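Participant: need a 3D model of the sequence below.
(chains A and B)
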Amino acid sequence: MKTGAKLLIEALQREGTDTIFGYPGGSVLPIYDELYDSPLRHILVRHEQAAAHAADGYARASGRVGVCLATSGPGACNLVTGIATAYMDSVPLVAITGQVPTTMLGNDAFQESDIQGITMPITKHNYLVKDTSDIPRVVQEAFYIAGTGRQGPVLIDLPKDVNTRSVKEPVVPEKVSLRGYNPTYKGNKRQIDRAIALITAAERPLIYAGGGVISSNAAPELVTFATSLGIPITTTLMGIGCIPCDHPLNLGMLGMHGTEYANFAVTECDLLIAIGARFDDRVTGKIDTFAPHANVIHIDIDPAEIGKNKRVDVPIVGDVKSVLTDMIDGLKKKNVCDAWQKKIQHWKQHHPLRFGEKNGCLHPQFILQQMNELLKGDAVIVSEVGQNQMWTAQYFCFRKPRTWITSGGLGTMGYGLPAAIGAHFARPDVPVFDVAGDGSIQMNIQEMGTVAQYKIPVKIAILNNMYLGMVRQWQELFYDRRYAYTELPPVEFVKIGQAYGIDGIKVESCDEVMPALKAAVDCDGPFVLDFRIEREENVFPMVPAGAAINEMIGGHPRS
Amino acid sequence: MKAHTLSVLVENKAGVLSRVTGLFSRRGFNIESLAVGPCEEQDMSRITIVVIGDDAQIEQVMKQLNKLIDVIKVSDLTDNERVERELVMFKVTADQGSTRAEIMQIATIFRAQIVDVGAKSVVLQVVGDTDKINAMEKLLRQFGIKELIRTGRIAILRGTKTVTSSK
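Facilitator: Numbers count the residues shown, from 1 in each chain, chains lettered A, B, ... in the order given. Below is the predicted model of the structure:
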């Protein structure tokens, strides 16, 4: 006979879980009591939202399923933003919540909330377990669903009595079999042949690569495919890292804050090959003018993404890695497209990213370039959301997949610090930086407590402009500089760090940047860097909302 | 934009209907009619949904439904030969002898049944497709419809073709 809590812990171990991010409470007491003697590592966060983000950061950095745990009611509800973040970015996550005993369900009991109902729109699937014997099967299914197909979060709600009850150990099925869930991995041969024919005939082909390339671990295949044909690649925010930043075929990010040359290339290409990307509005701008001259090939594991926002000529449903492998095998003729590559080189030369006319000011882009010089891509960089995120995406040179971790779809401020905690446990071998703004960091600043408690060597680099910078930028550009409620009073972040027992340096000039970064990396533990940056620095280029992506402001004059 | 009849085979589990209807509301799809009940397989249910949209919207509805783990199969019956039915009950005002006779006459014409007779009203039950039901409703309105209730449409393919789980 085993209790539900024991069955849960054993099931998690069977799935290979080594770390759980969580926060205890009344209804999960039986689980915590069982955890106490188990080999699983439990990281106590300071707010349940951080548990979900940490599990998410762990999953993105490692490629494995992240696990978080919270109590019923407020604990479960606090996970919601984290689960929604993971859902929008297709991150494999298993969230376990306590629930009031089955006898009290539906009675508005103390700390009861219908978390299954609440999370239905933001989970790939969820469970309310009413029978203790179901626990091993449900855990097995949850990991399978979270980690296969288009990955995503799965929630398991466990009433307290289900955890305390003892049952005869149920037999665990060897393999998960769900008749309503059969993801397609292998691309359709006929569609792949049609795609190859289009690629061979194209004069101005372009690859638009998204997060699907990263989650499918298909970066090597993507680079082989692109280089063998000489096809340039632009990546989405989520796709950054799938091709080294300095690769000659890499055009950087496209879309609202993409490079001019990436957006020009999209507008002028005659064939767009979308790979593991979903034509998000921040990428396409005005959808009618997105890739207006192009045939479109769309490779995605989720059939619902194909044709959702943009009409597609060749749909290929399948796992990106498998489809790209088949396409590489099927290629006959090399198609180098010299004239097109020359045109792109010309754009790259005449329309580079640029910043900073004002001398003597500390420009955030300069800080990122210095970080780059110091770390040489050998680090995991996590960002918060806003200007800090866009500058990092634009200026840090990412060389490997899973080294760039950011909340793309949901755009969750406060994501960075807890996600960096999770990323550290996935990649303890490299430095982990959280590039933050002074607004974002204050949304989950309490996690400095977690970082300090476990001496997690996360380097918190705050680009402090005393504004909610991205919103201020929009107010400057589109609301007549009326800075409605976006100014933040100055905060001494180094002192906050000190209160938690974390070292830090305030940086106010350019020549202090590199020594401060070195001090942070040399420090064994966590470190706070409070960069007082040029307050009204903007993220450019920028496509105004609803405009075509080649209509950028802050770019170079078109030559 | 036209009405599509979707037959959706789902796991017979708690919360399935909520997953399906929640999907429709949050993605902005309009349900015109919905009927759900057990089916030939003990652990499955069948949901018949009538949804209005253009081809792209219907394709998206079906793809999104298919993504639900508890949805086993989704079929669009619209372009197939099918039998589509709905059961309706009308409670109609009928206090005088002559109106009662007239109502009963209408019932006969529409092959409706009178399932309850009260002092001041009668209850009619009719099975049919939407056109028939709408026509009957129009005729009964002159007497005063006190209450109208419909089961929602259900549909089945003609011939040997079936909508069943592939395994």
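
Participant: for stretch A:367-385, buried residues please.
Facilitator: Applying a neighbour-count criterion of 16 or more other C-beta atoms under 10 Å in any protein chain shown, the buried positions in stretch A:367-385 are A:367-372, A:374-375, A:377, A:379-385. Just so you know, the C-beta spots here come from the backbone N, C-alpha and C atoms, and that holds for glycine as well.

Participant: ugh, wrong one, stretch A:188-204
Facilitator: A:188, A:191-192, A:194-196, A:198-199, A:202, A:204.

Participant: check whether that stretch contacts chain B.
Facilitator: No - using C-beta under 8 Å from any C-beta of the partner chain, stretch A:188-204 stays clear of chain B, with a minimum separation of 15.8 Å.

Participant: quick check: residues of chain A near chain B?
Facilitator: When proximity is defined by C-beta under 8 Å from any C-beta, chain A lies next to chain B at A:116-117, A:120-121, A:124-125, A:128, A:145, A:178-181, A:302-304, A:307-308.

Participant: now, the residues you listed that are in helices?
Facilitator: A:116-117, A:145 (DSSP state H).

Participant: most neighbours of all the residues you listed, which one?
Facilitator: A:I145 (26 neighbours; other C-beta atoms under 10 Å in any protein chain shown).

Participant: burial count for the closest residue to A:P121 other than its chain neighbours?
Facilitator: Residue nearest to A:P121 in three dimensions, not counting chain neighbours: B:R26, with 5.3 Å by C-beta to C-beta, 6 or more residues apart in numbering or on different chains. Counted by other C-beta under 10 Å, the residues lying close to B:R26 total 11.

Participant: isn't B:R26 up against A:M120?
Facilitator: No - B:R26 is beyond contact range of A:M120, at 9.1 Å (criterion: C-beta atoms under 8 Å).

Participant: looking at this, A:D193 is in a helix?
Facilitator: Yes - counting by DSSP: H, G, I helix; E, B strand; the rest coil, A:D193 is located in a helix.

Participant: which ones are touching the closest residue to it other than its chain neighbours?
Facilitator: The spatially closest residue to A:D193, leaving aside those adjacent along the chain, is A:G330, at 6.8 Å (C-beta to C-beta, 6+ apart). Contacts here follow C-beta atoms under 8 Å, 6 or more residues apart in numbering or on different chains; on that basis A:G330 touches A:192-193, A:196.

Participant: surely A:N217 touches A:P401?
Facilitator: Yes - checked against C-beta under 8 Å, the pair A:N217 and A:P401 is within contact range at 7.3 Å.

Participant: looking at these two, which is more packed in?
Facilitator: The neighbour comparison of A:N217 against A:P401 (other C-beta under 10 Å) goes to A:P401, with 23 against 15.

Participant: can you classify that one as helix, strand or coil?
Facilitator: Here A:P401 is recorded as coil under three-state DSSP.

Participant: please tell me how far it sits from A:I9.
Facilitator: 32 Å (C-beta to C-beta, to the nearest Å).

Participant: try A:F355
Facilitator: Applying C-beta to C-beta to A:F355 and A:I9 gives a distance of 51 Å.

Participant: same drill for the two, tell me which one is more crowded.
Facilitator: When neighbours are counted by other C-beta under 10 Å, A:I9 comes out ahead of the other of A:F355 and A:I9, with 23 against 20.

Participant: pretty sure the more buried one sits against A:I31.
Facilitator: Yes - judged on C-beta under 8 Å, A:I9 makes contact with A:I31 at a distance of 7.5 Å.

Participant: could I get the phi/psi values of A:I462?
Facilitator: With angles defined as degrees, to the nearest 10, A:I462 sits at phi -100, psi 120.

Participant: most widely separated two among the buried residues of stretch A:367-385?
Facilitator: Maximum pairwise distance in those, criterion C-beta to C-beta, is 24.1 Å, between A:L374 and A:V385.

Participant: the nearest residue to A:T71 once chain neighbours are set aside: what's it in contact with?
Facilitator: If the residues on either side of it in the chain are set aside, A:T71 comes closest to A:G25, at 2.5 Å by C-beta to C-beta, 6+ apart. Taking C-beta under 8 Å, 6+ apart, we find A:G25 in contact with A:70-72, A:75, A:98, A:111.

Participant: can you tell me how far A:G25 is from chain B?
Facilitator: Taking C-beta to the nearest C-beta, to the nearest Å as the measure, A:G25 falls 24 Å from chain B.

Participant: per-residue pLDDT, that residue?
Facilitator: If you check A:G25, the pLDDT there is 98.

Participant: phi and psi next, for it.
Facilitator: With angles defined as degrees, to the nearest 10, A:G25 sits at phi -180, psi 180.

Participant: once you drop chain neighbours, what's closest to the residue nearest the centre of chain A?
Facilitator: Using C-alpha atoms, centre = their mean, the residue of chain A that lies closest to the mean C-alpha position is A:T406, 3.9 Å off. For A:T406, ignoring the flanking residues on the chain, the nearest one in space by C-beta to C-beta, 6+ apart is A:S383 at 4.6 Å.

Participant: who is A:H42 paired with across the strands?
Facilitator: On the basis of DSSP bridges, A:H42 is bridged to A:I20.

Participant: please name the residues that touch it.
Facilitator: Counting by C-beta under 8 Å, 6+ apart, A:H42 makes contact with A:19-22, A:35, A:69.

Participant: quick revisit: give me phi/psi at the residue nearest to A:P121?
Facilitator: The phi/psi pair for B:R26 (degrees, to the nearest 10) reads phi -70, psi -20.

Participant: what of A:L517?
Facilitator: According to degrees, to the nearest 10, A:L517 has phi -60, psi -40.

Participant: can you give me the neighbour number for A:N182?
Facilitator: Residues near A:N182, counting by other C-beta under 10 Å: 13.

Participant: and the gap between the residue of chain A found nearest chain B and A:H53?
Facilitator: Using C-beta to the nearest C-beta, the single residue of chain A nearest to chain B is A:A304, 3.8 Å away. According to C-beta to C-beta, A:A304 stands 26 Å off from A:H53.

Participant: for these two, work out which one has more neighbours and name it.
Facilitator: Set A:A304 next to A:H53 and count neighbours by other C-beta under 10 Å: A:H53 wins out with 37 against 19.
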